[in-house]
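S.K.: Build me a model from this:
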Amino acid sequence: VAVATTLALSSEKTAGAVDELAEATEKFQDRVSDAQASYDETNSSIEGTAYAAEYYAKRLDELAAAGLDTAAANQEYEQTVEKLNELLPELNLTIDEQTGLVNKDTEAILANVDAWKKSAQEQALQDMFSEKLKAQGEAIAELTVAQAKLNSLEEEHSFIEKKRSQMSNALQRTIKELAAANQKLATATDPAEINALSEEVLVLTQRQEDYYSGYAYWDDELHRVTESEGELGQQIAETKKVVDSYIEREKIYKESEVDLKDKIMRSYGIATNSYKMGSSEMLSTLAFIRLGAYYKILPISDVSVIDS
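M.R.: I've put the predicted structure just below:
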C-alpha cells in the first residue's frame, strides 16, 4: 500500500509536465515574437517621427530663405515650429521676437533629431532584448523544473524495474516449485504424503497467481513510466532546441552586428544573383538569409518562402 501510494504521488507530480512545458515553450516563442513585433512597431514610429521632423526642419529653412514677408508665410513658419515641438518637445524651439526666426538653425535641429532618433532606437532595442531575456529566463526555469520531474521519473523507472525483476524471479522460482510438487504428487501413494503435497500444491498455486498479478502490476507500471519518460524527454529536447536556437541567434547578433549584417547582405546578394550554387554554399547562404528575415534586415516577411 505504501509503495502504491508513493507511486501515485509520483505520478501526480509528473502528470501534466509535458503539457506544462509545451505551453511554456509556446509562451516563450510568443513573448519573443511579441517583443520583436513591439520593437518593429516602435522603430517604425521612431523612423516616422524623425522623417517628419527632418521635413519640417527643412521646411523652416525653405520658408526663411523665401522671406517671411507675408502673414501667410509667418503663420506657416510658426505652425511648423509648433509641429516640430509637438513631435520632439526636447527640441525646445522658440521664435526670436526680433528676428522672427527660430532659435536654432536647420543644421542644429537636424543634428538634434538624429541624436534623438539614435537614442530612441537604442532604447527600443534595449527594451526588446530585456523582454526577450526575461522570457528566456522563465523558459529556462521551466526547463529546470521539467528536468527535475524527468529525474524523478528515471528514479521511479529504476525502482519499478527492480521490483518487476524481483517479482519475475519469485514467479519463476514458484513455477519450478509447483512443477516439482505436482510431479511428487503424481507418484505419491501414501495418503498422508498425498494430503501434504496437495496442500503444498494449493499454496504454491495461490502464490503463483499472486506473483503473476504482482508481475503484471509492475510491468504495467514500467510501461507507464517509460512512456512518460519518453514524452517528457522529447518535450525537454524540443524546448531546449527552441531556447538554444534563440540564444545562439541573439549571441551572434549582439557580438557582431555589423559583421552579421554584412554576411546577411552578401548572402542575399549571392542568392539573388547566382546562376548555380553548391549544396554546402546554399545551406550557409540560406541560413544567413533566414537570420536576415528574422531580424527584419531583409525585406522578407514570410520565412517559409526561404525553406521552399
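S.K.: helices or strands next to the helix or strand containing Gln123 in the packing?
M.R.: Per DSSP states H and E: Gln123 is located in helix 106-187. Contact analysis of helix 106-187 by 3 or more C-beta pairs under 8 Å, 6 or more residues apart in numbering; DSSP states H and E lists helix 2-14, helix 17-66, helix 191-255 as its packing neighbours. Heads up, the C-betas are built off the backbone N, CA and C, glycines and all.
S.K.: comparing those helices, which gets the lowest mean pLDDT score?
M.R.: Lowest mean pLDDT within the helices and strands packed on helix 106-187: helix 2-14, at a mean of 52.
S.K.: Phi and psi next, for the residue located most distally from the centre of the chain.
M.R.: Note on the chain: the largest C-alpha distance from the chain mean falls to Asp190, namely 77.8 Å (C-alpha atoms, centre = their mean). Dihedral angles of Asp190 (phi, psi; degrees, to the nearest 10) stand at phi -80, psi 130.
S.K.: Show the contacting residues for it.
M.R.: Listed by C-beta atoms under 8 Å, 6 or more residues apart in numbering, Asp190 has no contact partners.
S.K.: pLDDT score assigned to it?
M.R.: 91.
S.K.: Repeat that for Leu150.
M.R.: 89.
S.K.: Tell me who's in contact with it.
M.R.: With C-beta under 8 Å, 6+ apart, Leu150 has these contacts: 17, 229, 232-233, 236.
S.K.: What distance do you get for the residue nearest to Thr94 when sequence neighbours are not counted to Ala50?
M.R.: In space, and not counting its chain neighbours, Thr94 is closest to Asn103: 4.9 Å by C-beta to C-beta, 6 or more residues apart in numbering. For Asn103, the distance to Ala50 (C-beta to C-beta, to the nearest Å) stands at 21 Å.
S.K.: Look at those two and report which has more neighbours.
M.R.: Ala50 (20 against 14; other C-beta atoms under 10 Å).
S.K.: From what I see, the more buried one and Lys117 are in contact.
M.R.: Yes: the criterion here is C-beta atoms under 8 Å, and Ala50 meets it with Lys117 at 4.2 Å.
S.K.: before we move on, back to that, just send the helices and strands packed on helix 106-187 back as JSON lines, with distance to Tyr77 too.
M.R.: Shown next, in JSON lines, are the helices and strands packed on helix 106-187 (distance: least, C-beta to C-beta, whole Å):
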{"stretch": "helix 2-14", "distance to Tyr77": "73"}
{"stretch": "helix 17-66", "distance to Tyr77": "5"}
{"stretch": "helix 191-255", "distance to Tyr77": "44"}
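S.K.: Quick one: closest of the ones you listed to Asn74.
M.R.: Across the helices and strands packed on helix 106-187, Asn74 has its closest neighbour in helix 17-66 (8.8 Å, C-beta to C-beta).
S.K.: and the angle from that closest one to helix 191-255?
M.R.: Computed by axes from the mean of the first three to the mean of the last three C-alpha atoms, to 10 degrees, the angle separating helix 17-66 from helix 191-255 equals 10 degrees.
S.K.: what's the model's confidence in the following helix or strand past helix 17-66, averaged?
M.R.: Using DSSP H and E, the next helix or strand after helix 17-66 towards the C-terminus is helix 71-87. Throughout helix 71-87, pLDDT has a mean value of 94.
S.K.: Please save the CA atoms from stretch 114-128 in CSV.
M.R.: This file holds the C-alpha atoms of stretch 114-128, laid out as CSV (Å, rounded to 0.1, in the frame of the first residue of the first chain):
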residue,chain,number,x,y,z
ASP,A,114,19.4,62.5,-35.5
ALA,A,115,20.6,62.2,-31.9
TRP,A,116,17.0,61.7,-30.6
LYS,A,117,16.5,59.0,-33.3
LYS,A,118,19.6,57.1,-32.3
SER,A,119,18.9,57.3,-28.6
ALA,A,120,15.2,56.2,-29.1
GLN,A,121,16.2,53.3,-31.3
GLU,A,122,18.9,52.2,-28.8
GLN,A,123,16.3,52.3,-26.0
ALA,A,124,13.8,50.4,-28.1
LEU,A,125,16.4,47.8,-28.8
GLN,A,126,17.4,47.6,-25.2
ASP,A,127,13.7,47.2,-24.2
MET,A,128,13.3,44.4,-26.7
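S.K.: And that stretch, what's buried?
M.R.: 116-117, 120-121, 124, 128 (16 or more other C-beta atoms under 10 Å).
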